[in-house]
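Enquirer: Give me a 3D structure for the following:
(one chain, ligands or ions: 2)
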Amino acid sequence: EQQEKWVPRAVNMEIIGTYAQTELGHGTFLRGLETTATYDPNTEEFVLNSPTLTAYKWWPGGLAHTANHCVVVAQLHSKGVNHGVHPFIVQIRDEDTHMPLPGVKVGEIGPKLSFSTANNGFLGFDNFRVPRDSMLMKNAQVLKDGTYVKSRLSKLTYGTMVFIRVMIVTDMAYYLSVGATIAIRYSAVRHQSKPKENEPEPQILDYVTQQHKLFIALASSHAFRVTGQWLWTTFVRVNKALTSGNADTLPELHAVACCLKAVTTRDAASMVEACRMSCGGHGYMTSSYLPILYGITTAACTYEGENTVLLLQTARSLVKAWQKGSKGKPLSPTEAYLMDKSPVPKWENTLDGIIAGFRRVSAGKVQDCVSKIDKLVKMGTSYEDAWNQTSVRLVAASEAHSRAVILATFRAEVSRAAAALSPPLARVLHQLVHLYTVYWALERVGDLLLYTSIAERDVQELQQQYEDLLQKIRPNTVGLVDAFDLRDEILNSTLGAYDGRVYERLMEEALKSPLNAEPVNQSFHKYLKPFMQGKL
Ligand SMILES: CCCCC/C=C\C/C=C\C/C=C\C/C=C\CCCC(=O)SCCNC(=O)CCNC(=O)[C@H](O)C(C)(C)COP(=O)(O)OP(=O)(O)OC[C@H]1O[C@@H](n2cnc3c(N)ncnc32)[C@H](O)[C@@H]1OP(=O)(O)O
Ligand SMILES: Cc1cc2nc3c(=O)[nH]c(=O)nc-3n(C[C@H](O)[C@H](O)[C@H](O)COP(=O)(O)OP(=O)(O)OC[C@H]3O[C@@H](n4cnc5c(N)ncnc54)[C@H](O)[C@@H]3O)c2cc1C
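Expert: Ligands and ions are numbered 1, 2, ... in the order given. Take a look at the predicted model:
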C-alpha cells in the first residue's frame, strides 16, 4: 500500500522528488554512508539525523529548491543494531509554502561544470522524525515493535541504480545523435581552405580527417541505441524474474549494466568533445550547444556510479566467472565466451572475425588478471592488495568485455532488423556497423596483436577498409543525421539548425547579448578610462 500512497501523488506532481543517496563524504562507498535512521518503537517513528558535516546529502538533482520530498538512503538502526543502508521516502518541504520543515537544512551546492538547470542541493537532518511507513518496505521491513525483517536479497536496495544505468546507455545514444547532427550539418555548411587553387573552398565535411572525427559519433549513436534496447529488454526480463523471487540473473545484469554504462558514457563524452573541436571556434560558442552537451555527457561518467568503480564491478564478475568456468560450472550468456578454450583461429578481416577477436582479447585479459592475482596471493599478498595492484588490467579487461558485447549486439540486431528494411537503408546501416567495428579494431590493434593471430597485412587492409567506408558513407551523412529528426528547438544550436543559416544565427545570438545594449559599456568609464589616465 506504500505504492498506492506515494505513486499517484508523484505522478500528478503533488510530490516532486529526488534521490538523496550521495553525501559530502561518500558517493561510491554506500556502506559508508553516515545519515542515520533510528527506529523509535514508542512513537513508531524513525529519527533521521546527519551526525557529521560529511553526513550531509550533497549532489541530489533538484534537491536545492525544487523537490518537496526525497528518497533518503540512510543507515537503519533498530533495537541498537545497524542493519545497513535502506531507502526512506521523506517530505522535506511544506507542500503549500514550500518552506523547509523544522529539522531540515537544505540548499544549493553552487555552480558546476554544466547541468546548470538541475539545482543540485545539500540536505542535513537534525533529529527529524518521520512515520514508520516512510521506510520503503518492498524488500526489508521494520515491524511496529522494531523487529527488523531482512530482505531476501540485500542488493535489491541497489536496484534503482541498475535501472538508471540501463537508461543511461540509451541516453548516450540520444546525446551522440544531437552532437553528430550539429557537427555534421555545420561541416556541410562550412567551407574552408583551398587545397586546389582553381576550385572554390570545399565543405569541411570533405576532409577525410573530419569524417574520421564525426562518423564514429554517428555510428556510435546507433550502436548505443541498439545496445540500450537489448539491455532494457534484459532488465525487464530480470525484473520479472525478481518479482517472482528468482534473483539468479541479477548478477549478470548488474555486471553488464556497469560496464556498458561506463563505456558508453566515456565514449559519448569524448565523441561529443570531438564534435565540438571539429567545428573550430564556432564549436566553442555556447550558442552552438556543443559545450553544454559536453558538460551533460561528461557528468554521466561520474553520476550513477563513477566509471572506474563500475568497470571494476564488472571485472569482479568476470574474474568470478573465470574461476567458476575453470571448475566446469556454466557461465551466464554474456560471459560464456570466456570458457572458449579452442586454439586461436586464423584471423579474418570480417565482422565476425573482429567480434571473435575482441572476445579473445577480453578472455585473454581476464586470464592474465587471474594469473597475476593468484601469483601475488601465492607470494603472500592479501587478495585485496593483489586486486588493487592488478586493477589497471582489470579495468582494461572490463572495457574489452564491454566492447565485445556492444560489437556483437550491434551486428546481431542490425542483421536481424535488416530483413524488414529497404535494401538501400539496410546497406547504409550495415556500413555503420562495419565502420563501428573496424574503427574499434584499429583503436585496439595492440590488444588484437597480443591476443589474436592478426598480422600486419591484416591491419593494413583494415585501415584501407576503414577509409573506403568513410568514402561510402559520405554521400549519406547529412541524410543520416536528418533521419534523427531532431527539431531545431531541441537541438538548440546556431550551427545545427535545419536551414543551415549558421552565420545569420550566430550574429542574431550575439546581438542578444546585454553587453551590446549600448556602444560604450559602463566598464569604460568605471575602469578603463581612469586606468588609461593613471588614476587606478
Ligand atoms: C520512470 C521514469 C524514469 C526516468 C529515467 C529516465 C532517464 C534516466 C537516465 C539518465 C539519468 C539522467 C539524468 C540524471 C542525473 C543524475 C542522476 C545520477 C543520480 C546518482 O548519481 S544516484 C547515486 C549513484 N551512486 C552510485 O552509483 C554508487 C556507486 N556505488 C555502488 O553501487 C556500491 O557502493 C558498489 C557496488 C561500488 C560497492 O557496493 P558494496 O561494497 O556494497 O558491494 P561489493 O562491491 O562488496 O559487492 C557485493 C556484491 O553486491 C553485488 N552488487 C553490487 N551492486 C549491485 C547492484 N546494483 N545490483 C546487484 N548486485 C550488486 C556485487 O556484484 C557483489 O556481488 P558478489 O559478492 O556476488 O560479487
Ligand atoms: C551531475 C551530477 C548529478 C548527480 N546527481 C545525483 C543524485 O541525483 N543523487 C545522488 O545520490 N547522487 C548524485 N550525484 C553524485 C554521484 O552519484 C557521485 O558523485 C558518484 O557516485 C561518485 O561519488 P563521489 O563523488 O563521492 O566520488 P568518490 O566516491 O569519492 O570517488 C572519487 C574518485 O575516487 C576513485 N575511486 C573511488 N572508489 C574507488 C574504488 N573502489 N576503486 C577505484 N577507484 C575508486 C575514482 O577515481 C573516483 O572518481 C551526482 C553527481 C553529478 C556529477
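
Enquirer: Could you pull up the residues touching Ser151?
Expert: Going by Cβ atoms under 8 Å, 6 or more residues apart in numbering, Ser151 touches Asn139, Ala140, Thr157. From N, CA and C alone the C-beta is placed, and that goes for glycine too.

Enquirer: Wasn't it part of a helix?
Expert: No: Ser151 sits outside any helix when classified using DSSP: H, G, I helix; E, B strand; the rest coil, being coil.

Enquirer: which SS class is Ala74?
Expert: strand.

Enquirer: My guess is it contacts Val47. True?
Expert: No: judged on Cβ atoms under 8 Å, Ala74 makes no contact with Val47 at a distance of 10.3 Å.

Enquirer: Can you tell me which of the contacts of Ser151 lies closest to ligand 1?
Expert: Thr157 (8.5 Å; Cβ to the nearest ligand atom).

Enquirer: neighbour-wise, which of Ala74 and Val47 wins?
Expert: Ala74 (28 against 17; other Cβ atoms under 10 Å).

Enquirer: check whether stretch 79-99 contacts ligand 1.
Expert: No: applying Cβ under 6 Å from any ligand atom, one finds stretch 79-99 out of contact with ligand 1, separated by at least 8.4 Å.

Enquirer: just to revisit the earlier point, quickly list what's touching both of Ala74 and Val47.
Expert: Common contact partners of Ala74 and Val47 (Cβ under 8 Å, 6+ apart): Thr36, Ala37.

Enquirer: Going by secondary structure, Ser391 is in what exactly?
Expert: Using DSSP states H and E, Ser391 maps to helix 383-418.

Enquirer: Name the residues of that helix that are buried.
Expert: 386-387, 390, 393-411, 413-414, 418 (16 or more other Cβ atoms under 10 Å).

Enquirer: And ligand 2, is it touching that?
Expert: No: applying Cβ under 6 Å from any ligand atom, one finds helix 383-418 separated from ligand 2 by no less than 6.6 Å.

Enquirer: Over to stretch 157-173?
Expert: No: using Cβ under 6 Å from any ligand atom, stretch 157-173 never reaches ligand 2; the gap is at least 8.7 Å.

Enquirer: That stretch near ligand 1 at all?
Expert: Yes: using Cβ under 6 Å from any ligand atom, stretch 157-173 reaches ligand 1 at Tyr158, Met161, Val162, Ile164, Met167, Ile168, Asp171.

Enquirer: Which positions in the chain make contact with ligand 1?
Expert: Contacts of the chain with ligand 1, taken as Cβ under 6 Å from any ligand atom, map to 19, 21-22, 28-31, 61, 155, 158, 161-162, 164, 167-168, 171, 250-251, 254, 303-305, 309, 313, 316, 320.

Enquirer: Now which of these would you call buried?
Expert: Burial by neighbour count, 16+ other Cβ under 10 Å: within the residues of the chain next to ligand 1 this picks out 19, 21-22, 30, 61, 158, 161-162, 167-168, 171, 250-251, 254, 303-305, 313, 316.

Enquirer: Just the ones in helices from those residues, please.
Expert: The helices, defined by DSSP state H, take in Met161, Val162, Met167, Ile168, Asp171, Leu250, Pro251, His254, Gln313, Arg316 from these.

Enquirer: out of those residues, which one sits closest to Ser513?
Expert: Proximity of those to Ser513 (Cβ to Cβ) peaks at Asp171, which lies at 31.5 Å.

Enquirer: Ala299 is in contact with the closest one, correct?
Expert: No: at 10.9 Å, Asp171 does not count as touching Ala299 under the criterion of Cβ under 8 Å.

Enquirer: quick one on the thing from earlier: which one in the ones in helices among the buried ones among the residues of the chain next to ligand 1 is the model shakiest on?
Expert: Least confident of those in the model: Met161, at 91.

Enquirer: Please tell me how far it sits from Leu30.
Expert: Computed as Cβ to Cβ, to the nearest Å, the Met161 to Leu30 distance reads 9 Å.

Enquirer: Can you give me every residue that contacts whichever residue of the chain sits closest to ligand 2?
Expert: Using Cβ to the nearest ligand atom, Gly27 is the residue of the chain that sits closest to ligand 2, at 2.0 Å. With contacts defined as Cβ under 8 Å, 6+ apart, Gly27 is in contact with Trp59, Glu306.
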